[in-house]
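Chemist: with the input below, show me the fold.
(one chain, ligands or ions: 1)
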Amino acid sequence: MTDLHRLSIRELSEGLAGAKFSSRELTEHYLKRIAKLDTQVKSYVTVTAEQALAQADAADASIKAGIATALTGVPIAHKDIFCTQGIKTTAGSKMLDNFISPYDATVVAKGKAAGLVTLGKVNMDEFAMGSTSENSFYGATVNPWNLGHVPGGSSGGSAAAVAADLAPFATGTDTGGSIRQPASFCGLTGLKPTYGRVSRFGMIAYASSLDQGGPMAHSAEDCAYLMNVMAGHDAKDSTSVEKDVDDYVANLNGTAVKGLRIGIPKQYFNVAGLDADVKARVEESLKKLEEMGATLVEIDLNMTEAYVPTYYLIAPAEASSNLSRYDGVRYGYRAENPVDLTDLYKRSRSEGFGAEVQRRILIGTYALSAGYYDAYYVKAQKVRRLIQQDFLKAFELVDVIAAPAAPTTAYKIGANLSPVEMYLGDIYTIAVNLAGLPAINAPVGFDKDNLPVGLQLIGNYWSESQLLSVVHQYQQATDWHTKRAAIAEENA
Ligand code: GLN
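Modeler: Now for the predicted structure:
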């Protein structure tokens, strides 16, 4: 079969179970596509071909023996922020260019236990700081829809790999939009779960109170399959929540769109810099949901203006603390010939971290330092609580909240926005992380340059099933998620 990469996860699962093709055939098919097409897309940092084929053979044996799970033998790409035992884990940084993890992240271990086949590790902004994937030590990944544009970030490698059909689905992480925004830029479905739903153990930390892993795929149904593997309490992560997980696949038709109250925040649709095409596509998608029986309710989210400053204090503050562990001593990059310990610290960090990471360490260290801590960090935490309360008030009136995932479509590579311009592009995603809420991006059309536009739906805590279900039904009634970039149509 030459079009295995066009099959949904359910079709892959059924095809493997029914012996229409083997996991080895499927894995070889993807490895061939990666070898041929990823020279252009540049989504993989590491391709683990040998290990993938061994895992595929083991999966085929499990399927024959009748001990397979729904995903046994299905290939996946992991964001290079998830630790993988014996395989390089870089977080897109020179600092970790030589780092081979001695253990698997819980998400990776759960994937292995479910029989997933790891194709490799995909590119990202350094330590997940960025919105374009250009902040990677390994160079920029490109957007499969237009190779002159960025795929978004920080999970740009995950998004580009899936959009170009170089992996059926991928893991991502979202600290301030890094699943939803690249999903939006690349025409994919991506879910940022409630904080605490997916284990952060072995997921390299950026901002611990905001970081959350989640699935990126073509459709909500594909995401549901991966959520069934990723979600759940983990004794190794004290912030993972002891709460039963849903069967996200079984629940795909569990929420009726008929009668669903969708909140439309007034402030969100008046943001300066909201692109006209993005606005139009999002409004059309809401119209479609209305036709399907949903009710649109105008709401207020009065804290909108505080999102960017609050996030860009708290995230760098936590980052400065988390990244203090990279000292050139224990692991990672070490500067050569240090004259003393201070020189070793200074040069290892100056040479090992890129510009954006250093900028954030400086901002965060400043905000946490004596004399400024109360004025900045503590203040930001108070505003964070107000932002959360703003959402909770809204959820008394509506079931989900609609927003664009980003004010624009994918930027040109090298557009060279100033840091502040870049940060403003996160306006629609970061509040969700500050509040710890779940949110999903779904593709809803294209702009005048044929770049994808996404609709974001934000849910109340633990509403992952509801979000997946609403998008699934939208995708039953529309075909945006089935569109492919020209490069994805190429055969290996
Ligand atoms: N773009 C945001 C940032 O640079 C979000 C990144 C993320 O979610 N990891 O921090």
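Chemist: which pLDDT value goes with the residue in the stretch 251-400 of the chain that the ligand sits nearest to?
Modeler: With Cβ to the nearest ligand atom as the measure, the residue in the stretch 251-400 of the chain that lies nearest the ligand is A315; the distance is 5.4 Å. To be clear about C-beta, it is placed using only N, CA and C from the backbone, and glycine gets the same treatment. Here the pLDDT value assigned to A315 is 98.
Chemist: give me phi/psi at the most far-flung residue of the chain relative to its centre?
Modeler: Summary for the chain: using Cα atoms, centre = their mean, the residue whose C-alpha lies farthest from the chain's mean C-alpha position is V339, with a distance of 41.2 Å. Dihedral angles phi and psi of V339 (degrees, to the nearest 10) take the values phi -80, psi -30.
Chemist: tell me which parts of the stretch 101-250 of the chain are close to the ligand?
Modeler: Residues of the stretch 101-250 of the chain lying near the ligand by Cβ under 6 Å from any ligand atom: 128-131, 154, 174-178, 206.
Chemist: now do 5 Å
Modeler: Applying Cβ under 5 Å from any ligand atom, we find that the stretch 101-250 of the chain lies next to the ligand at 128-131, 154, 174-178.
Chemist: give the contact list for the residue most central in space within the chain.
Modeler: Centroid-nearest residue in the chain: I179, 2.3 Å away (criterion: Cα atoms, centre = their mean). The neighbours of I179, taking Cβ atoms under 8 Å, 6 or more residues apart in numbering as the test, are 155, 158, 172-173, 190-192, 214, 216, 441.
Chemist: which two among those residues are spaced furthest apart?
Modeler: Of all pairs drawn from the contacts of I179, the greatest distance, 14.3 Å, lies between T173 and N441 (Cβ to Cβ).
Chemist: neighbour count winner among those two?
Modeler: For T173 versus N441, the count of surrounding residues by other Cβ atoms under 10 Å is larger for N441: 35 against 27.
Chemist: wait, is that one part of a strand?
Modeler: Yes. Counting by DSSP: H, G, I helix; E, B strand; the rest coil, N441 falls inside a strand.
Chemist: just to check, G73 is in contact with L26?
Modeler: Yes. At 6.8 Å, G73 and L26 qualify as touching, with contact defined as Cβ atoms under 8 Å.
Chemist: show me which of the two is the more surrounded one.
Modeler: Relative neighbour count places G73 above the other of G73 and L26, with 30 against 25, counting by other Cβ under 10 Å.
Chemist: excluding chain neighbours, what is closest to the more buried one?
Modeler: The shortest distance from G73 to any non-neighbouring residue, by Cβ to Cβ, 6 or more residues apart in numbering, is to S23 (3.0 Å).
Chemist: which residues touch the one you found?
Modeler: S23 sits next to 16, 55-57, 59-60, 63, 72-75, 117 when contact means Cβ under 8 Å, 6+ apart.
Chemist: which among the residues you listed end up buried?
Modeler: Members of the contacts of S23 that pass the buried threshold by neighbour count (16 or more other Cβ atoms under 10 Å) are listed as 16, 55-57, 59-60, 63, 72-75, 117.
Chemist: so how far is the first residue of stretch 161-171 from its last?
Modeler: For stretch 161-171, the first and last residues are 11 Å from each other (Cα to Cα, to the nearest Å).
Chemist: buried ones in the single longest helix found in the chain?
Modeler: If you go by DSSP state H, the chain has its longest helix at helix 23-41. Residues 23-31, 33-34, 37-38, 41 are the ones in helix 23-41 that count as buried (16+ other Cβ under 10 Å).
Chemist: surely F169 is in contact with A163?
Modeler: No. Because the distance of 11.3 Å does not satisfy Cβ under 8 Å, F169 is recorded as not touching A163.
Chemist: burial check on A68, number of neighbours?
Modeler: 20.
Chemist: what's the helix or strand in which G445 is found in contact with?
Modeler: Mapping G445 onto the secondary structure by DSSP states H and E places it in strand 439-446. By Cβ under 8 Å, 6+ apart, the surrounding residues in contact with strand 439-446 are 179-181, 183-184, 187-192, 220, 223, 281-282, 284-285, 405, 429, 432, 452-459, 467-468, 471, 474-475, 478, 480-481, 483.
Chemist: list buried residues within those residues.
Modeler: In terms of neighbour count (16+ other Cβ under 10 Å), the buried residues within the contacts of strand 439-446 are 179-181, 183-184, 187-192, 220, 223, 281-282, 285, 405, 429, 432, 452-459, 467-468, 471, 474-475, 478, 480-481, 483.
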